[in-house]
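K.L.:
Fold the following.
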Amino acid sequence: MMQASSSSRRRQPIHDDETDGGDVLQRPSHQPPATSRHRGATAARSQPHARGDEAQAASGSSGQGQQPRVRAADYRPQPLDRDSAAAVGQMIAGYGPHEDTIRQAMASLEEATSDLCEVEETIDNEAFVQLDADYRELVDAQAEAKTRKTSLEALLRRLEGEPTVLDPATEYSNLTCEQLEAYSALTTRKKYGQSQEYVSFRESAWAAVEDSAMPPINEFLPAEQGDEDDDDDDIQVGGTRQDYKCPYSAKLLIDPVSSTGCPHSYDRESILSYVGKGEKVCPASACNVKLSHRSLKPDPRLAKRVAAYRRREESRILSAPGTMIE
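P.N.:
Purely as a prediction, here's the structure:
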(Lines give C-alpha, C1' and ligand atoms only; values in the text may rest on other atoms or scores of the structure.)
Protein backbone atom coordinates (compact mmCIF):
# COMPACT_ATOMS: atom_id res chain seq x y z
CA MET A 1 0.00 0.00 0.00
CA MET A 2 2.85 2.40 0.81
CA GLN A 3 4.46 1.75 -2.57
CA ALA A 4 1.23 2.37 -4.48
CA SER A 5 0.68 5.58 -2.58
CA SER A 6 4.22 6.74 -3.46
CA SER A 7 3.72 5.98 -7.17
CA SER A 8 0.40 7.78 -7.13
CA ARG A 9 2.05 10.88 -5.77
CA ARG A 10 4.75 10.82 -8.48
CA ARG A 11 2.17 10.64 -11.27
CA GLN A 12 0.12 13.57 -9.98
CA PRO A 13 0.32 16.64 -12.32
CA ILE A 14 2.22 19.73 -11.28
CA HIS A 15 -0.18 22.53 -10.51
CA ASP A 16 0.76 26.21 -10.85
CA ASP A 17 0.21 26.87 -7.18
CA GLU A 18 2.66 24.12 -6.24
CA THR A 19 5.57 25.99 -7.84
CA ASP A 20 5.11 28.89 -5.49
CA GLY A 21 6.40 26.83 -2.57
CA GLY A 22 9.95 26.04 -1.66
CA ASP A 23 9.85 22.45 -3.08
CA VAL A 24 9.32 22.15 -6.85
CA LEU A 25 8.84 18.70 -8.34
CA GLN A 26 11.26 18.08 -11.22
CA ARG A 27 10.02 16.42 -14.41
CA PRO A 28 12.22 13.53 -15.61
CA SER A 29 14.23 14.28 -18.77
CA HIS A 30 12.19 11.74 -20.81
CA GLN A 31 8.87 13.33 -19.84
CA PRO A 32 7.03 15.12 -22.68
CA PRO A 33 7.16 18.96 -22.81
CA ALA A 34 4.72 20.85 -20.69
CA THR A 35 1.41 21.93 -22.12
CA SER A 36 0.99 25.45 -23.54
CA ARG A 37 -0.90 26.35 -20.39
CA HIS A 38 2.07 25.34 -18.30
CA ARG A 39 4.52 27.21 -20.57
CA GLY A 40 2.48 30.36 -20.22
CA ALA A 41 2.47 30.06 -16.45
CA THR A 42 6.24 29.47 -16.42
CA ALA A 43 6.88 32.51 -18.65
CA ALA A 44 4.74 34.64 -16.39
CA ARG A 45 6.75 33.49 -13.37
CA SER A 46 10.07 34.15 -15.14
CA GLN A 47 9.11 37.84 -15.59
CA PRO A 48 7.70 38.88 -12.22
CA HIS A 49 5.89 42.14 -11.91
CA ALA A 50 6.20 42.84 -15.68
CA ARG A 51 2.77 44.36 -15.88
CA GLY A 52 3.40 46.41 -12.80
CA ASP A 53 6.65 47.78 -14.28
CA GLU A 54 4.86 48.72 -17.50
CA ALA A 55 2.22 50.56 -15.56
CA GLN A 56 4.88 52.40 -13.57
CA ALA A 57 6.78 53.32 -16.76
CA ALA A 58 3.58 54.63 -18.34
CA SER A 59 2.85 56.77 -15.31
CA GLY A 60 6.48 57.98 -15.07
CA SER A 61 6.91 56.66 -11.51
CA SER A 62 9.12 53.93 -10.15
CA GLY A 63 8.71 51.40 -7.46
CA GLN A 64 10.18 51.78 -4.00
CA GLY A 65 13.96 51.42 -4.09
CA GLN A 66 14.16 51.46 -7.92
CA GLN A 67 15.92 54.08 -10.08
CA PRO A 68 13.71 56.27 -12.30
CA ARG A 69 13.37 54.86 -15.80
CA VAL A 70 15.20 56.71 -18.58
CA ARG A 71 12.98 57.92 -21.38
CA ALA A 72 14.34 58.46 -24.89
CA ALA A 73 12.13 61.54 -25.25
CA ASP A 74 14.18 63.28 -22.57
CA TYR A 75 17.22 63.18 -24.87
CA ARG A 76 15.57 64.35 -28.06
CA PRO A 77 16.16 67.97 -29.22
CA GLN A 78 14.10 70.32 -27.14
CA PRO A 79 12.51 73.60 -28.31
CA LEU A 80 14.30 76.85 -27.55
CA ASP A 81 12.54 79.80 -26.02
CA ARG A 82 13.71 83.30 -25.19
CA ASP A 83 15.05 82.11 -21.86
CA SER A 84 17.56 80.06 -23.88
CA ALA A 85 18.98 83.12 -25.65
CA ALA A 86 21.76 83.54 -23.08
CA ALA A 87 22.91 79.94 -23.59
CA VAL A 88 22.98 80.41 -27.36
CA GLY A 89 24.97 83.61 -26.86
CA GLN A 90 27.52 81.69 -24.81
CA MET A 91 27.86 79.12 -27.60
CA ILE A 92 28.52 81.93 -30.07
CA ALA A 93 31.11 83.49 -27.76
CA GLY A 94 32.77 80.06 -27.47
CA TYR A 95 33.84 80.30 -31.09
CA GLY A 96 36.03 83.31 -30.25
CA PRO A 97 38.89 81.27 -28.71
CA HIS A 98 38.55 78.70 -31.51
CA GLU A 99 38.96 81.41 -34.16
CA ASP A 100 41.91 82.89 -32.23
CA THR A 101 43.61 79.48 -32.28
CA ILE A 102 43.21 79.27 -36.05
CA ARG A 103 44.64 82.78 -36.49
CA GLN A 104 47.63 81.93 -34.29
CA ALA A 105 48.26 78.79 -36.33
CA MET A 106 48.10 80.86 -39.51
CA ALA A 107 50.61 83.39 -38.17
CA SER A 108 53.01 80.65 -37.04
CA LEU A 109 52.78 78.81 -40.36
CA GLU A 110 53.29 82.03 -42.33
CA GLU A 111 56.40 82.86 -40.30
CA ALA A 112 57.83 79.36 -40.69
CA THR A 113 57.16 79.41 -44.43
CA SER A 114 58.82 82.80 -44.84
CA ASP A 115 61.91 81.59 -42.98
CA LEU A 116 62.09 78.45 -45.09
CA CYS A 117 61.79 80.37 -48.36
CA GLU A 118 64.53 82.77 -47.31
CA VAL A 119 66.88 79.90 -46.45
CA GLU A 120 66.06 77.93 -49.60
CA GLU A 121 65.95 81.12 -51.71
CA THR A 122 62.97 79.77 -53.61
CA ILE A 123 59.25 79.12 -53.38
CA ASP A 124 59.40 76.41 -56.01
CA ASN A 125 60.02 73.22 -54.02
CA GLU A 126 58.06 70.38 -52.44
CA ALA A 127 58.39 71.78 -48.92
CA PHE A 128 56.66 75.01 -49.90
CA VAL A 129 53.94 73.13 -51.78
CA GLN A 130 53.14 71.16 -48.61
CA LEU A 131 53.14 74.28 -46.42
CA ASP A 132 50.87 76.00 -48.93
CA ALA A 133 48.42 73.07 -48.75
CA ASP A 134 48.52 73.19 -44.93
CA TYR A 135 47.72 76.90 -44.97
CA ARG A 136 44.75 76.33 -47.26
CA GLU A 137 43.39 73.80 -44.75
CA LEU A 138 43.54 76.52 -42.10
CA VAL A 139 41.62 78.86 -44.41
CA ASP A 140 38.99 76.11 -44.79
CA ALA A 141 38.82 75.62 -41.02
CA GLN A 142 38.38 79.37 -40.56
CA ALA A 143 35.53 79.38 -43.08
CA GLU A 144 33.79 76.47 -41.31
CA ALA A 145 34.07 78.12 -37.90
CA LYS A 146 32.61 81.33 -39.32
CA THR A 147 29.76 79.36 -40.91
CA ARG A 148 28.83 77.56 -37.69
CA LYS A 149 28.98 80.79 -35.75
CA THR A 150 26.75 82.49 -38.34
CA SER A 151 24.16 79.68 -38.03
CA LEU A 152 23.99 80.16 -34.25
CA GLU A 153 23.63 83.91 -34.71
CA ALA A 154 20.69 83.25 -37.04
CA LEU A 155 19.03 81.12 -34.33
CA LEU A 156 19.60 83.88 -31.80
CA ARG A 157 17.92 86.41 -34.10
CA ARG A 158 14.98 84.02 -34.43
CA LEU A 159 14.62 83.93 -30.66
CA GLU A 160 14.60 87.71 -30.52
CA GLY A 161 11.66 87.84 -32.92
CA GLU A 162 9.76 84.65 -32.05
CA PRO A 163 8.82 83.16 -28.67
CA THR A 164 9.93 79.61 -29.55
CA VAL A 165 12.10 77.75 -32.06
CA LEU A 166 10.56 74.28 -32.13
CA ASP A 167 13.37 72.26 -33.71
CA PRO A 168 16.63 74.23 -33.29
CA ALA A 169 18.89 71.22 -33.96
CA THR A 170 17.41 70.58 -37.40
CA GLU A 171 17.36 74.27 -38.26
CA TYR A 172 21.00 74.71 -37.21
CA SER A 173 22.01 71.61 -39.16
CA ASN A 174 20.20 72.74 -42.30
CA LEU A 175 21.65 76.24 -42.18
CA THR A 176 25.18 74.97 -41.59
CA CYS A 177 25.09 72.22 -44.21
CA GLU A 178 23.72 74.59 -46.84
CA GLN A 179 26.52 77.11 -46.29
CA LEU A 180 29.28 74.50 -46.05
CA GLU A 181 28.13 72.86 -49.27
CA ALA A 182 28.14 76.26 -50.98
CA TYR A 183 31.71 76.90 -49.78
CA SER A 184 32.85 73.45 -50.87
CA ALA A 185 31.47 74.10 -54.36
CA LEU A 186 33.62 77.23 -54.79
CA THR A 187 36.62 77.08 -57.11
CA THR A 188 40.16 77.30 -55.75
CA ARG A 189 40.43 80.92 -56.83
CA LYS A 190 37.18 81.87 -55.15
CA LYS A 191 38.13 80.10 -51.92
CA TYR A 192 41.67 81.37 -51.52
CA GLY A 193 42.12 84.22 -54.02
CA GLN A 194 39.64 86.32 -52.01
CA SER A 195 41.13 85.39 -48.62
CA GLN A 196 43.20 88.23 -47.21
CA GLU A 197 45.01 85.78 -44.95
CA TYR A 198 46.04 83.54 -47.84
CA VAL A 199 47.18 86.50 -49.93
CA SER A 200 49.30 87.70 -47.02
CA PHE A 201 50.77 84.21 -46.68
CA ARG A 202 51.82 84.22 -50.36
CA GLU A 203 53.15 87.76 -50.09
CA SER A 204 55.35 86.84 -47.13
CA ALA A 205 56.80 83.90 -49.02
CA TRP A 206 57.36 86.02 -52.11
CA ALA A 207 58.97 88.89 -50.18
CA ALA A 208 61.40 86.44 -48.57
CA VAL A 209 63.06 85.75 -51.94
CA GLU A 210 62.01 88.53 -54.33
CA ASP A 211 62.27 92.33 -54.38
CA SER A 212 59.80 92.81 -57.23
CA ALA A 213 56.06 93.08 -56.82
CA MET A 214 54.24 89.79 -56.34
CA PRO A 215 52.10 88.89 -59.37
CA PRO A 216 48.30 88.84 -58.98
CA ILE A 217 47.28 86.00 -56.68
CA ASN A 218 45.34 84.20 -59.41
CA GLU A 219 48.60 83.43 -61.18
CA PHE A 220 49.35 80.99 -58.36
CA LEU A 221 45.90 79.39 -58.46
CA PRO A 222 44.67 77.16 -61.29
CA ALA A 223 41.67 78.25 -63.32
CA GLU A 224 38.70 75.90 -62.94
CA GLN A 225 35.23 75.57 -64.38
CA GLY A 226 33.24 78.47 -62.99
CA ASP A 227 36.11 80.95 -62.90
CA GLU A 228 35.16 82.18 -66.37
CA ASP A 229 32.06 83.72 -64.77
CA ASP A 230 34.20 86.29 -62.96
CA ASP A 231 33.65 89.86 -64.11
CA ASP A 232 36.52 91.41 -66.01
CA ASP A 233 36.33 94.40 -63.70
CA ASP A 234 37.09 92.34 -60.58
CA ILE A 235 40.25 93.56 -58.88
CA GLN A 236 42.86 90.85 -58.59
CA VAL A 237 44.72 90.92 -55.32
CA GLY A 238 48.49 91.14 -55.51
CA GLY A 239 50.84 92.85 -57.92
CA THR A 240 51.67 95.77 -55.61
CA ARG A 241 55.32 96.32 -54.82
CA GLN A 242 56.09 96.69 -51.13
CA ASP A 243 58.01 99.89 -50.43
CA TYR A 244 60.38 99.40 -47.52
CA LYS A 245 61.18 103.11 -47.18
CA CYS A 246 59.43 105.48 -44.82
CA PRO A 247 57.40 108.08 -46.78
CA TYR A 248 58.40 110.74 -44.24
CA SER A 249 62.11 110.10 -43.68
CA ALA A 250 62.74 108.37 -47.05
CA LYS A 251 64.97 105.92 -45.18
CA LEU A 252 64.71 102.15 -44.86
CA LEU A 253 62.12 101.24 -42.28
CA ILE A 254 63.35 100.56 -38.76
CA ASP A 255 60.80 99.23 -36.26
CA PRO A 256 57.92 99.83 -38.69
CA VAL A 257 54.43 100.92 -37.72
CA SER A 258 51.42 100.93 -40.03
CA SER A 259 48.40 103.18 -40.25
CA THR A 260 44.95 101.76 -39.49
CA GLY A 261 43.37 104.34 -41.80
CA CYS A 262 45.48 103.94 -44.95
CA PRO A 263 47.82 101.31 -46.47
CA HIS A 264 51.06 103.10 -45.57
CA SER A 265 53.83 102.19 -43.13
CA TYR A 266 56.47 104.33 -41.48
CA ASP A 267 59.60 104.28 -39.38
CA ARG A 268 58.37 104.49 -35.79
CA GLU A 269 60.73 107.16 -34.49
CA SER A 270 60.35 109.37 -37.56
CA ILE A 271 56.56 109.27 -37.81
CA LEU A 272 55.97 109.76 -34.08
CA SER A 273 58.21 112.81 -34.18
CA TYR A 274 56.21 114.13 -37.15
CA VAL A 275 52.79 113.51 -35.62
CA GLY A 276 53.68 114.82 -32.18
CA LYS A 277 50.81 114.96 -29.72
CA GLY A 278 48.14 115.91 -32.22
CA GLU A 279 47.12 114.82 -35.71
CA LYS A 280 48.93 115.19 -39.01
CA VAL A 281 48.12 114.27 -42.60
CA CYS A 282 49.84 111.12 -43.87
CA PRO A 283 53.13 112.15 -45.55
CA ALA A 284 52.64 109.64 -48.40
CA SER A 285 51.92 111.19 -51.76
CA ALA A 286 48.23 111.85 -52.52
CA CYS A 287 47.09 110.50 -49.12
CA ASN A 288 44.92 112.76 -46.98
CA VAL A 289 44.33 110.41 -44.05
CA LYS A 290 44.87 111.95 -40.61
CA LEU A 291 47.45 110.20 -38.44
CA SER A 292 47.67 110.11 -34.65
CA HIS A 293 49.37 107.96 -32.04
CA ARG A 294 46.21 105.86 -31.81
CA SER A 295 46.09 105.12 -35.53
CA LEU A 296 49.68 103.82 -35.68
CA LYS A 297 50.15 100.17 -34.82
CA PRO A 298 53.29 97.96 -34.65
CA ASP A 299 53.68 95.74 -37.72
CA PRO A 300 55.84 92.70 -36.85
CA ARG A 301 54.98 91.00 -40.14
CA LEU A 302 56.38 93.95 -42.11
CA ALA A 303 59.39 94.07 -39.78
CA LYS A 304 60.28 90.49 -40.83
CA ARG A 305 59.99 91.39 -44.50
CA VAL A 306 62.21 94.43 -44.05
CA ALA A 307 64.80 92.31 -42.22
CA ALA A 308 64.78 89.75 -45.06
CA TYR A 309 65.14 92.54 -47.61
CA ARG A 310 68.05 94.02 -45.68
CA ARG A 311 69.82 90.64 -45.57
CA ARG A 312 69.37 90.18 -49.32
CA GLU A 313 70.80 93.63 -49.97
CA GLU A 314 73.81 92.92 -47.78
CA SER A 315 74.33 89.58 -49.54
CA ARG A 316 74.26 91.30 -52.95
CA ILE A 317 76.80 93.86 -51.83
CA LEU A 318 79.13 91.24 -50.42
CA SER A 319 78.83 89.07 -53.54
CA ALA A 320 79.38 91.96 -55.97
CA PRO A 321 82.68 91.84 -57.95
CA GLY A 322 85.48 93.78 -56.31
CA THR A 323 83.86 93.83 -52.89
CA MET A 324 86.45 93.72 -50.15
CA ILE A 325 85.49 91.68 -47.09
CA GLU A 326 87.52 92.51 -44.00
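K.L.:
Low-confidence stretches in the stretch 1-150 of the chain?
P.N.:
Within the stretch 1-150 of the chain, the stretches with pLDDT under 70 are 1-66, 72-77.
K.L.:
Residue 226 and residue 183, how far apart?
P.N.:
13 Å (C-beta to C-beta, to the nearest Å). Bear in mind the C-beta positions are built from the backbone N, C-alpha and C, glycine included.
K.L.:
Ok, residue 103 next?
P.N.:
Taking C-beta to C-beta as the measure, residue 103 falls 19 Å from residue 183.
K.L.:
just residue 160 next, same as before
P.N.:
For residue 160, the distance to residue 183 - C-beta to C-beta - is 27 Å.
K.L.:
now swap in residue 284 and tell me
P.N.:
Separation of residue 284 from residue 183 (C-beta to C-beta): 37 Å.
K.L.:
cool, residue 115 as well?
P.N.:
Distance from residue 115 to residue 183, by C-beta to C-beta: 31 Å.
K.L.:
and if you look at residue 112?
P.N.:
Distance from residue 112 to residue 183, by C-beta to C-beta: 26 Å.
K.L.:
Next: residue 71.
P.N.:
Taking C-beta to C-beta, one finds residue 71 at 39 Å from residue 183.
K.L.:
try residue 317
P.N.:
Remark: distance between residue 317 and residue 183 (C-beta to C-beta) = 48 Å.
K.L.:
isn't there a strand covering residue 284?
P.N.:
No - secondary structure of residue 284 (DSSP: H, G, I helix; E, B strand; the rest coil): coil, not part of a strand.
K.L.:
That one touches residue 262, doesn't it?
P.N.:
Yes - look at residue 284 against residue 262 with C-beta atoms under 8 Å: they come within range, at 7.2 Å.
K.L.:
Looking at those two now, which is surrounded by more residues?
P.N.:
Legend: neighbour count by other C-beta atoms under 10 Å for residue 284 and residue 262, higher for residue 284 (19 against 15).
K.L.:
For the more buried one, give me the pLDDT.
P.N.:
With respect to pLDDT, residue 284 has a value of 93.
K.L.:
And stretch 149-156, what's buried?
P.N.:
Buried positions in stretch 149-156, judged by neighbour count with 16 or more other C-beta atoms under 10 Å: 149, 151-152, 155-156.
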